[in-house]
Every structure is written in structure tokens, then in C-alpha cells.
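A.B. asks: Structure here, sequence nowhere to be found:
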Ligand SMILES: Nc1nc2c(ncn2[C@@H]2O[C@H](COP(=O)(O)OP(=O)(O)OP(=O)(O)O)[C@@H](O)[C@H]2O)c(=O)[nH]1
Ligand SMILES: [Mg+2]
């Protein structure tokens, strides 16, 4: 535990045109979890999002960081860039959260506390105590059915696979080879969890209440929903291929397992 507690957690926030949300969100995170560091990954938003971050950064230059990318490159690569930035700097716990207040920053301490004894903590709308607020019944149905669909194809027991309010131990993110992930949007969230599951890490769900975004517009699209719909099959076939590989090389598997357990024990 010592390495984990020695360095604060890093909260990563991807933003695209979130100027009205990001200032209050940075304030709220600092209010509820004053010890964390925050990295905003902004994709050249044209509404002044980066300027809002810089304004807050002046008051907390050692705790708020900004990664600016050239254009809208997608949620998945924004997280890969943010996680890589954090891993390179030795953060031992990294947390994903949206900028728009759909994810209540009050839950950050609870998610990080659970992470002390788990590898991954998933903010979950679909376990007891969790839920969605003010959602159109159709959106609720699509989201719930999407998680159920992915869960049954991938053979996982996690109830909320598409959510983006999750805490990760650095070990897990290092092991799952972030750079090879090509998914975007919801399927990015599914793939991260699936890779951690395949690598044998323990995934634990923590109930969260998901609210409608506070300001601004959604960046999700029908294309992103369809991407998730088809991509889970690709993930599953890759899983089958890796099972076949492991069946051929049980000694290698044993080696890998011992290695990951030993690594986990170091923290
Ligand atoms: N850097 C970056 N951030 C993005 C991109 N697309 C979305 N985001 C951010 O990712 C988070 C989630 O996107 P949202 O549009 O809120 O998606 P959603 O929560 O599924 O949809 P709503 O409930 O309608 O808001 C927000 O903080 C967005 O600003 C992108 O291409 N690049
Ligand atoms: Mg949102």
C-alpha cells in the first residue's frame, strides 16, 4: 500500500467544448477530494474550455494539469493520452470522470478508498444503490440493454460495462497495453474493463447515480453506439484466440500469473 498512498491519485477528465462545466467541476473535485491531482485532456475545444482550465490552474499549478491536443481525436485516445501521462509520472491510482457533472465528484473519495483493496473500481448505475436520474426511458433501455448484451457476449458479471466513472490501479493500466486499444466511446470503456478481466484483475462495482449533463451538448452519437454493438464481437474473438494461445502454453501462463501477482504484492 505504501507506494499507492505516497502519491496522490490522478483524476483524468477528457473535454470537448465543456467551458461551462469544467470550471465548476475542477472546483467541486478540489472541494470533495482536495488531495488529488487533476489532468484535463482537451481536444482544442473552440468554446474556451482550455482557458477555463488555465484560470483554475493559476491557483493550483501543482495540482491541476492540462494536456492540449490538436483537434477532436476521440474519447478513447484522450484517455490513453491522459493515462500515459499519469503513468509516466508515477501516479499509482488513476480515475476517469466526465466533465459535465453526470458523474458526481462527491463519490471520488469512496472510489479511491475501495481501490486500496481492489485492482479496479467501477462506478455502476446498475447495481443496488446505483441509478440514472432524469433519463428518458428509451436511453435507459439502450444503456441497460447495451451492458447486458456486452456482458453476455464477453462472459463477464460486471453490470455496468459502458460507464466512464472508474478508478484504476496503475499496475492494471500498465498490463493491459493501452496503446493497442482502438475503441472509442462506449466500447473503449467496455474494452478497458474486458482487458483487465482477461488479465485476471479483480473488478469491483460501486453504486453511482448518473445525472443528465449539467450544461452543453452531448458528444456521443449513433455511430459510437453502433461501434460498441459490433466491437464486442471483435473483443470476444480476440479472447478466444488468446485462450487458444494459453491452452498451448500453460507454463507461460503460470509464469505470467506469478509475475502479475508478484507485481501486485509490491504495492
Ligand atoms: N478530449 C476529448 N473529450 C471528449 C471527446 N468526446 C467526448 N469527450 C468528453 O468525454 C466526456 C463524455 O462525453 P459526453 O458527451 O458527456 O458523453 P455521454 O455522457 O455519454 O453523453 P451525455 O449524457 O449526453 O452527456 C465529456 O467530458 C466530454 O467532453 C473527444 O473527442 N475528446
Ligand atoms: Mg455526459
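C.D. replies: Nice, thanks for sending it over. Computed from a predicted structure; not experimentally measured. Ligands and ions are numbered 1, 2, ... in the order given.

A.B. asks: going forward, measure contacts between C-alpha atoms and count neighbours the same way
C.D. replies: Noted.

A.B. asks: contacting residues around whichever residue of the stretch 51-200 of the chain sits closest to ligand 1?
C.D. replies: The nearest approach of the stretch 51-200 of the chain to ligand 1 comes at residue 74, 3.0 Å away (CA to the nearest ligand atom). Contacts for residue 74 (CA atoms under 8 Å, 6 or more residues apart in numbering) come out as 184, 185.

A.B. asks: Now it. Its backbone dihedrals?
C.D. replies: As for residue 74, its main-chain torsions (degrees, to the nearest 10) stand at phi 100, psi 150.

A.B. asks: just residue 56 next, same as before
C.D. replies: Dihedral angles (degrees, to the nearest 10) for residue 56: phi -70, psi -30.

A.B. asks: Provide the secondary structure category for the residue nearest to it when sequence neighbours are not counted.
C.D. replies: Sequence neighbours aside, residue 23 is the residue nearest to residue 56 in space, at 7.0 Å (criterion: CA to CA, 6 or more residues apart in numbering). Following DSSP: H, G, I helix; E, B strand; the rest coil, residue 23 is assigned to helix.

A.B. asks: Run through the helices of the protein in chain order.
C.D. replies: Using DSSP state H, the helices of the chain run over residues 2-6, 19-32, 49-59, 75-88, 108-115, 137-154, 170-175, 185-198, 222-248, 250-266.

A.B. asks: Adding mean neighbour count, write the ones you listed out as a markdown table.
C.D. replies: Listed next are these as a markdown table, based on neighbours: other CA atoms under 10 Å:
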| stretch | mean neighbour count |
| --- | --- |
| helix 2-6 | 12 |
| helix 19-32 | 18 |
| helix 49-59 | 17 |
| helix 75-88 | 20 |
| helix 108-115 | 19 |
| helix 137-154 | 15 |
| helix 170-175 | 18 |
| helix 185-198 | 22 |
| helix 222-248 | 14 |
| helix 250-266 | 12 |
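
A.B. asks: Reformat the ones you listed as JSON lines; add mean pLDDT and distance to residue 95.
C.D. replies: Below are the helices of the chain laid out as JSON lines (pLDDT from 0 to 100; distance: least, CA to CA, whole Å):
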{"stretch": "helix 2-6", "mean pLDDT": "51", "distance to residue 95": "13"}
{"stretch": "helix 19-32", "mean pLDDT": "98", "distance to residue 95": "12"}
{"stretch": "helix 49-59", "mean pLDDT": "97", "distance to residue 95": "18"}
{"stretch": "helix 75-88", "mean pLDDT": "97", "distance to residue 95": "9"}
{"stretch": "helix 108-115", "mean pLDDT": "98", "distance to residue 95": "8"}
{"stretch": "helix 137-154", "mean pLDDT": "91", "distance to residue 95": "21"}
{"stretch": "helix 170-175", "mean pLDDT": "97", "distance to residue 95": "10"}
{"stretch": "helix 185-198", "mean pLDDT": "94", "distance to residue 95": "13"}
{"stretch": "helix 222-248", "mean pLDDT": "73", "distance to residue 95": "22"}
{"stretch": "helix 250-266", "mean pLDDT": "39", "distance to residue 95": "18"}
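
A.B. asks: Dump those helices into JSON lines; add distance to residue 67 as well.
C.D. replies: JSON lines is the format used below for those (distance: least, CA to CA, whole Å):
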{"stretch": "helix 2-6", "distance to residue 67": "23"}
{"stretch": "helix 19-32", "distance to residue 67": "14"}
{"stretch": "helix 49-59", "distance to residue 67": "9"}
{"stretch": "helix 75-88", "distance to residue 67": "8"}
{"stretch": "helix 108-115", "distance to residue 67": "21"}
{"stretch": "helix 137-154", "distance to residue 67": "30"}
{"stretch": "helix 170-175", "distance to residue 67": "19"}
{"stretch": "helix 185-198", "distance to residue 67": "19"}
{"stretch": "helix 222-248", "distance to residue 67": "24"}
{"stretch": "helix 250-266", "distance to residue 67": "29"}
